[in-house]
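Chemist: Sequence and predicted structure, then a few things I'm wondering about:
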Amino acid sequence: RKEVEQDPGPFNVPEGATVAFNCTYSNSASQSFFWYRQDCRKEPKLLMSVYSSGNEDGRFTAQLNRASQYISLLIRDSKLSDSATYLCVVIYTGGFKTIFGAGTRLFVKA
Amino acid sequence: GAVVSQHPSRVICKSGTSVKIECRSLDFQATTMFWYRQFPKQSLMLMATSNEGSKATYEQGVEKDKFLINHASLTLSTLTVTSAHPEDSSFYICSARDRRSSEGNQPQHFGDGTRLSIL
């Protein structure tokens, strides 16, 4: 089993749709959680941090469920520019080891 | 803030050539930098962790004599792909974490990546 698992997709949604991605992690010692966005042939860029209390940034909402060991990303009112691969990232306590999920591909169509 | 610069962005060279890639943290100091490789439509794969002033830590399956890493200062790490062959063609990305992140729980900031093509 992978340490961080994501549905690879692709998710094909129309503009204006709401789409949600989940990511599960296996190590309960995980400390910090992030969502990154990676455009085709580009480097990953930090999208937002994820907290148990939830984190909202405009159309994007991230949530952490420690009991079930998963994090989620919700995108409301999807834009064409949201098309990208979304990477779930988990940092472990102590060793500072960073684990990237394989990513979920999103295509937003007009 | 938290800008990481990677150079060059694109390299095309003949088989057998050694290629050096630089990764610089521009507005912060990074005790630790990371080197990743990404093949088309695949996920990021950590190659090695570069530690300032000490030897890099390589992931399993990554040849340390093939991929030489030097982290000579708190703002610069270099990756040298020695005697590169076509199978080394890939997208190489570095990242860095601010040294002020005492518990290592801050996100990494990525360079723009280097697209390496070996003919």
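Modeler: Looks like it arrived, so ask away. Numbers count the residues shown, from 1 in each chain, chains lettered A, B, ... in the order given.
Chemist: Where does the prediction get shaky in chain A?
Modeler: Applying pLDDT under 70 to chain A flags the ranges A:93-96.
Chemist: Can you pull the residues of it lying near chain B?
Modeler: Residues of chain A lying near chain B by C-beta under 8 Å from any C-beta of the partner chain: A:31-32, A:34, A:36, A:41-46, A:49, A:87, A:89, A:91, A:93, A:95-96, A:98, A:100-103. Every C-beta, even on glycine, is put in place using the N, C-alpha and C of the backbone.
Chemist: From these, keep the buried residues only.
Modeler: Among the residues of chain A next to chain B, those scoring as buried are A:32, A:34, A:36, A:43-44, A:46, A:49, A:87, A:89, A:91, A:96, A:98, A:100-103 (criterion: 16 or more other C-beta atoms under 10 Å in any protein chain shown).
Chemist: between these, which is nearest B:Arg10?
Modeler: Checking these against B:Arg10 with C-beta to C-beta, the nearest one is A:Glu43 at 13.3 Å.
Chemist: so the closest one touches B:His109, yeah?
Modeler: No: A:Glu43 sits out of contact with B:His109 when judged by C-beta atoms under 8 Å, with a separation of 9.5 Å.
Chemist: mind listing the strands for the chain?
Modeler: I'll assume chain A. A:4-6, A:11-14, A:19-25, A:30-38, A:45-50, A:55-57, A:60-65, A:70-75, A:84-92, A:98-100, A:104-109 (DSSP state E).
Chemist: Let me rephrase: I mean chain B.
Modeler: For chain B, applying DSSP E gives strands covering B:4-7, B:10-13, B:19-25, B:32-38, B:45-51, B:57-58, B:67-73, B:76-81, B:90-97, B:109-110, B:114-118.
Chemist: Of those, which is nearest A:Thr24?
Modeler: Comparing the strands of chain B against A:Thr24 with C-beta to C-beta, the closest turns out to be strand B:45-51 (19.7 Å).
Chemist: Specify the beta-bridge partners of B:Leu68.
Modeler: On the basis of DSSP bridges, B:Leu68 is bridged to B:Thr80.
Chemist: ok, now which ones touch it?
Modeler: Contact partners of B:Leu68, counting by C-beta atoms under 8 Å, 6 or more residues apart in numbering or on different chains, are B:79-80, B:82.
Chemist: From those residues, pick the one nearest chain A.
Modeler: Of all the contacts of B:Leu68, B:Leu79 has the smallest distance to chain A: 14.6 Å, by C-beta to the nearest C-beta.
Chemist: wouldn't that closest one be in contact with B:Cys94 here?
Modeler: Yes: applying C-beta under 8 Å, one finds B:Leu79 in contact with B:Cys94, separated by 7.1 Å.
Chemist: how close does A:Ser52 sit to chain B?
Modeler: In this view, A:Ser52 and chain B are 14 Å apart by C-beta to the nearest C-beta, to the nearest Å.
Chemist: Identify the residues contacting the most centrally placed residue in chain B.
Modeler: Closest to where the C-alpha atoms of chain B average out (C-alpha atoms, centre = their mean) is B:Trp35, at 3.2 Å. Taking C-beta under 8 Å, 6+ apart, we find B:Trp35 in contact with B:23, B:46-50, B:67, B:69, B:77, B:79, B:92-94.
Chemist: which of those count as buried?
Modeler: For the contacts of B:Trp35, buried by 16+ other C-beta under 10 Å: B:23, B:46-50, B:67, B:69, B:77, B:79, B:92-94.
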